[in-house]
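Visitor: How does the following fold in three dimensions:
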Amino acid sequence: MIRLGYACINTLLPSSSKTFRLANYSEERMLAVSRENISVLREILEWNRDHGVYVFRITSNLIPFGSNVVNSGSWQKEFRDEFREIGRFICKNKMRVSMHPGQYTVLNSPNPVYYKNSLNDLQYHNRILELMDLSQEHVLVIHGGGAYNDKENSLRVLEERISALPEEIRKRLVLENDERVFTAEDIHNVCVKTGISGIFDMFHHSVNRSFHEKNDREIILLYKNNWRKRRQKIHYSDQEPSKSPGAHSASINLKTFGKFYKTIKDLDLDIMLEVKNKQESLLLARKEFPELQ
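Guide: Below is the predicted model of the structure:
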C-alpha cells in the first residue's frame, strides 16, 4: 500500500509556523504565538483526518525560537496537555508525523558553536514528539551536512556524531540525501554503518546522482533494509521548469509521477510530496490514482 503525505502547510488553512523577529522576543509573545500555532496544527490534522491523509510533516517553527538560548523552555510545561491531546489524536487516527530540522542543523559542522546549536535543535524537535507521547515511528529527518573540502572526513565525522547522540534522538533520526553534497549512496553507507534509517529523496537523486547501475525502485528496496520494523518513507517532487536544477515544482507532474508509481505500486511505502501547493497536489494524485491513500 502506498500512502501520500505533505509538508507543514495546508494552503486552505492558517499557518502553524507563525513567528516574529528575535529582536522583539518576549516570553509572553512566544507563548501566545505558540498557542496559536498549536491550535492551527490541530486544525490541519483534523483536515487530514477528514480527507484520509495519514502522513504529515509538522513545521519546525511550531514554537518560535524553540531551540534558541533566549527561550526558557516554559512552553513544554505550558502546553503539555495540548501536546498530549494532539498525540492521542494522531495515534487514534493511525497517522504518522515527522519533523525536518532545517539547513542550519548540521551534525558534522567543524564549528563547535554550530554543532552545539544543531544538537539543541534536535533536542527541541525530539521534545515535541516526546510531549505527544509518539513512538519512534514518528521520525526526525536531516541532511548529511557539508563536505568542508574533505568529503571523506566529513562523512566520518557525521558517523561519529550520530553514534554519540543521545539514544532517544538517535533512534528517531533519519538521514536524507541532498542535491549538492551527499548522494543517495553516501547516505545509505552512513545508515549501514550507524544503524539508522535513510530517506531516499528521488528529486535530489536526479540532480546529485549515484548508484548508477540501479533504478529508483532498486534503490528504494536497498534503503528499505535500514528501516527494519518501521514503515519505509521516501520523498518525491519534480523540477520547476522555469528555475535552476534543484528547485522544487509548484505542483506535482501527474504524468511523471504516474510513470514512477507504476514501478512501485506493489510496495508498502509512505511518500512525502515536497511541492509548493501542498495538499492540492496530494488530492490531484489521489484523484488520478484512486487506489492511493
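Visitor: you'd agree Phe56 is in a helix?
Guide: No. Under DSSP: H, G, I helix; E, B strand; the rest coil, Phe56 sits outside any helix and is assigned strand.
Visitor: ok, it touching Arg49?
Guide: No. Applying CB atoms under 8 Å, one finds Phe56 not in contact with Arg49, separated by 10.3 Å. C-beta: built from backbone N, CA, C; applies to glycine.
Visitor: Next, the contact list for Gly102, please.
Guide: Shown in contact with Gly102 (CB atoms under 8 Å, 6 or more residues apart in numbering): 60, 121.
Visitor: How much space separates it from Asn117?
Guide: 11 Å (CB to CB, to the nearest Å).
Visitor: And Val207, how far from Asp50?
Guide: 36 Å.
Visitor: re earlier: who's more crowded, Phe56 and Arg49?
Guide: The residue with more neighbours, out of Phe56 and Arg49, is Phe56; 22 against 16, by other CB atoms under 10 Å.
Visitor: OK, contacts around that one?
Guide: So Phe56 contacts 5-7, 44-45, 48, 95-98 (CB under 8 Å, 6+ apart).
Visitor: Next step: those residues restricted to helices.
Guide: Among the contacts of Phe56, the ones falling in helices (DSSP state H) are 44-45, 48.
Visitor: which SSE is Phe200 in?
Guide: strand 197-201 (DSSP states H and E).
Visitor: one step back: so Val207 and Asp50 - more neighbours on which side?
Guide: Applying other CB under 10 Å to Val207 and Asp50 shows that Val207 carries more neighbours, namely 17 against 8.
Visitor: Setting aside sequence neighbours, what's the nearest residue to the more buried one?
Guide: Distance criterion CB to CB, 6 or more residues apart in numbering; nearest residue to Val207, sequence neighbours excluded, is Glu179 at 4.2 Å.
Visitor: which residues of the stretch 51-200 of the chain fall in strands?
Guide: 55-58, 96-99, 140-143, 173-176, 197-201 (DSSP state E, counting those that start in this stretch).
Visitor: How far away from the center of its chain is the second one?
Guide: Right, strand 96-99. Put simply, strand 96-99 sits 7 Å off its chain's centre (CA atoms, centre = their mean, to the nearest Å).
Visitor: mind saving the C-alpha coords of it as PDB?
Guide: Extracted C-alpha coordinates of strand 96-99, given in PDB (Å, rounded to 0.1, in the frame of the first residue of the first chain):
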ATOM      1  CA  ARG A  96       2.300   9.200  11.000                       C
ATOM      2  CA  VAL A  97       4.000  12.600  11.600                       C
ATOM      3  CA  SER A  98       7.600  13.700  11.200                       C
ATOM      4  CA  MET A  99       9.700  16.800  11.600                       C
END
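Visitor: follow-up on the earlier one: need the ones in helices among the contacts of Phe56 in CSV with distance to Glu185, can you?
Guide: Below are these laid out as CSV (distance: CB to CB, whole Å):
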residue, distance to Glu185
Ile44, 35
Leu45, 36
Asn48, 34
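Visitor: Quick one: those residues as JSON lines, columns for neighbour count, distance to Glu291 and pLDDT too.
Guide: JSON lines is the format used below for the ones in helices among the contacts of Phe56 (neighbours: other CB atoms under 10 Å; distance: CB to CB, whole Å; pLDDT from 0 to 100):
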{"residue": "Ile44", "neighbour count": "24", "distance to Glu291": "25", "pLDDT": "98"}
{"residue": "Leu45", "neighbour count": "21", "distance to Glu291": "24", "pLDDT": "98"}
{"residue": "Asn48", "neighbour count": "22", "distance to Glu291": "19", "pLDDT": "98"}
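Visitor: Identify, from those residues, the entry nearest to Ile86.
Guide: Nearest to Ile86, judged by CB to CB, of those is Leu45 at 6.9 Å.
Visitor: didn't Trp227 look like it was pressed against Ile196?
Guide: No. Under the criterion of CB under 8 Å, Trp227 makes no contact with Ile196, lying 9.9 Å away.
Visitor: neighbour-wise, which of those two wins?
Guide: Between Trp227 and Ile196, counted using other CB under 10 Å, the more crowded position is Ile196 (22 against 18).
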